[in-house]
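*Asks:* Predicted structure and sequence below. I'll ask about it afterward.
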Amino acid sequence: MEENQKPTVYQKKRHRLQYRGTACLNCGHPLDISDKFCPNCSQANSTKKLSFKDFFDEFFASLISYDSKLLKTLTALLTKPGKITTDYVKGKRISYTNPFRFLLSLSIIYFLMLNYTGNFGTYDRYGEGQNRSVFDEENLRSFNFSGGNTGETISKEAKKDLDKLNNVIDTLSFIENIKRQDSLKMADPIGHFEKIEQKSLLPRVGAKREFFNLLIDKEDIFYFDDIPDKYKITNTKENQFAFNAAKSFARFKKQPGSFLSSIISKLPFTIFFFLPVFAIFIWVAYIRKKHTYAEHLIFSFHIQSLLFILLIISFLVDSIFDIWSGWFFFLAFSIYLFFAMLKFYNQGIFKTFLKYVFLNTIFFILAIMTLTFLLAGSVYTY
């Protein structure tokens, strides 16, 4: 064998020894010939020019790697309550998917399934100005009361009809009262708006929104610029906000189904404002433990991910078999949550149970508050 003759390398893959360099081509970090990847930026240590085959090899390699992480994450999450968070906190993170991205992906998948199969757009037919509802004045005036059966049941049927009649009379009176108030406002809109300006901030903004709603309905006004000159209303941020809120509210009344669909599309991102607040209460409940706030947040991410996995499974089961399996998966999640808290925080059963009840109560209160703010904000910005 001749001097300095190198052994022949038959493999042509980019990671082979003959293609390795002594400096990373991405960040310039110095490398040994034994380094397959750069320890600084993780790029492959290869000087081989990229070919079409190399491109697809790396694509499928990363895909298989992600699938491996995903499978391990799902297995640990479904079969071993609390283990995945324990491992992640201890530093075993490369084997699992990122908890933030994992939760975001699951929530988007679930709400997309819910949105596109729920067909909420069909509810727009019940919006204002689409079809008459049972509370339209004309329908109420032509309400058909049946005499019912004869004999002993006449008095019962007559009583039911009288109750219906009283309800109709009350509804018609309410409608007439609203019309009378609207007529008074439109008779002197400038004077009415001057009275609104004398109120305190929150009642004033609400009253302005109602007034602008009336103008949109009665005067066919579409832009705020159409209002100031005609009604002598100053062009302020507050007035613009009230007008935009009135437009959103009018659109909501006309398209309730589309509004509901838009709410559902916002829920995945709302969760990431909700969970950090909830994690504060977990931190308070376990304040004597040596866990950081971030570790409590990761625990809540994993638990919420498990909830979405069960919701997706329940949704698929219900769609395929035409049943309601929600109760079973809710029960399974409740039991899972208790054992996850028991495992991760390593406290006794009694203490864990008390904190379990406390945190679930806080969770539902925060969830209701979050949904309320989301609904109210969406009505004003729809």
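*Replies:* On my side now, so go ahead. Numbering: from 1, shown residues only.
*Asks:* Okay, the closest residue to Glu238 other than its chain neighbours and Glu194: tell me how far apart.
*Replies:* Using C-beta to C-beta, 6 or more residues apart in numbering and skipping the chain neighbours, the partner closest in space to Glu238 is Val205 (6.6 Å). In short, each C-beta sits where N, CA and C put it, glycine included. Between Val205 and Glu194 the computed distance is 16 Å (C-beta to C-beta, to the nearest Å).
*Asks:* Same question for Ile349.
*Replies:* Taken as C-beta to C-beta, the span from Ile349 to Glu194 is 66 Å.
*Asks:* again, but for Phe111
*Replies:* Phe111 is 46 Å from Glu194, by C-beta to C-beta.
*Asks:* Please identify which of those two sits among more neighbours.
*Replies:* Between Phe111 and Glu194, Phe111 has the larger neighbour count (other C-beta atoms under 10 Å), namely 21 against 12.
*Asks:* Isn't that one up against Pro268?
*Replies:* Yes. Between Phe111 and Pro268 there is a contact under C-beta atoms under 8 Å: 5.4 Å.
*Asks:* how about Glu197, what does it touch?
*Replies:* Counting by C-beta atoms under 8 Å, 6 or more residues apart in numbering, Glu197 makes contact with Arg204.
*Asks:* Do I have it right that Tyr88 meets Ile298?
*Replies:* Yes. Using C-beta under 8 Å, Tyr88 makes contact with Ile298 at a distance of 6.0 Å.
*Asks:* Next, show the common contact partners of the two.
*Replies:* With contacts defined as C-beta under 8 Å, 6+ apart, the residues shared by Tyr88 and Ile298 are Pro99.
*Asks:* what comes up buried for stretch 195-204?
*Replies:* Residues of stretch 195-204 classed as buried: Ile196 (neighbour count, 16 or more other C-beta atoms under 10 Å).
*Asks:* Which residue is the nearest non-sequential neighbour of Ala250?
*Replies:* Among residues not flanking Ala250 along the chain, Ile216 sits closest, at 5.3 Å (C-beta to C-beta, 6+ apart).
*Asks:* What's the local residue count around that neighbour?
*Replies:* Ile216 sits with 18 neighbouring residues when counted by other C-beta under 10 Å.
*Asks:* separation between it and Lys208?
*Replies:* For Ile216, the distance to Lys208 (C-beta to C-beta) stands at 12 Å.
*Asks:* before we move on, what about Leu275?
*Replies:* Applying C-beta to C-beta, the value for Leu275 to Lys208 is 35 Å.
*Asks:* now do Ile362
*Replies:* When distance is defined by C-beta to C-beta, Ile362 is 36 Å away from Lys208.
*Asks:* go on, Ala76?
*Replies:* 54 Å.
*Asks:* can you give me the helices for the chain?
*Replies:* With DSSP state H, the ranges of helices along the chain come out as 52-79, 83-90, 99-118, 137-141, 154-187, 189-196, 201-219, 228-231, 237-254, 256-285, 293-321, 326-345, 349-381.
*Asks:* With distance to Leu31 and mean pLDDT added, can I get these in JSON lines?
*Replies:* What follows is the helices of the chain, written out as JSON lines (distance: least, C-beta to C-beta, whole Å; pLDDT from 0 to 100):
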{"stretch": "helix 52-79", "distance to Leu31": "19", "mean pLDDT": "69"}
{"stretch": "helix 83-90", "distance to Leu31": "30", "mean pLDDT": "91"}
{"stretch": "helix 99-118", "distance to Leu31": "29", "mean pLDDT": "85"}
{"stretch": "helix 137-141", "distance to Leu31": "80", "mean pLDDT": "47"}
{"stretch": "helix 154-187", "distance to Leu31": "78", "mean pLDDT": "55"}
{"stretch": "helix 189-196", "distance to Leu31": "72", "mean pLDDT": "78"}
{"stretch": "helix 201-219", "distance to Leu31": "63", "mean pLDDT": "80"}
{"stretch": "helix 228-231", "distance to Leu31": "68", "mean pLDDT": "70"}
{"stretch": "helix 237-254", "distance to Leu31": "58", "mean pLDDT": "80"}
{"stretch": "helix 256-285", "distance to Leu31": "38", "mean pLDDT": "84"}
{"stretch": "helix 293-321", "distance to Leu31": "33", "mean pLDDT": "92"}
{"stretch": "helix 326-345", "distance to Leu31": "39", "mean pLDDT": "93"}
{"stretch": "helix 349-381", "distance to Leu31": "49", "mean pLDDT": "88"}
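*Asks:* how about those helices in TSV, adding distance to Ser42?
*Replies:* Formatted as TSV, these follow (distance: least, C-beta to C-beta, whole Å):
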stretch	distance to Ser42
helix 52-79	12
helix 83-90	19
helix 99-118	17
helix 137-141	69
helix 154-187	66
helix 189-196	62
helix 201-219	53
helix 228-231	59
helix 237-254	47
helix 256-285	27
helix 293-321	22
helix 326-345	30
helix 349-381	38
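*Asks:* Tell me which of those lies nearest to Asn45.
*Replies:* Closest of the helices of the chain to Asn45 is helix 52-79, at 13.6 Å (criterion: C-beta to C-beta).
*Asks:* and the residue nearest to Lys266 when sequence neighbours are not counted, how many neighbours?
*Replies:* In space, and not counting its chain neighbours, Lys266 is closest to Leu374: 6.7 Å by C-beta to C-beta, 6+ apart. Using other C-beta under 10 Å, Leu374 has 16 neighbouring residues.
*Asks:* tell me the centre residue of this structure?
*Replies:* In the chain, the residue lying closest to the centroid (C-alpha atoms, centre = their mean) is Leu267, at 0.9 Å.
*Asks:* Now do the same contact list for Asn26.
*Replies:* With contacts defined as C-beta under 8 Å, 6+ apart, Asn26 is in contact with Cys38, Cys41, Gln43.
*Asks:* ok, now Tyr110?
*Replies:* Phe308, Leu311, Ile312, Phe315.
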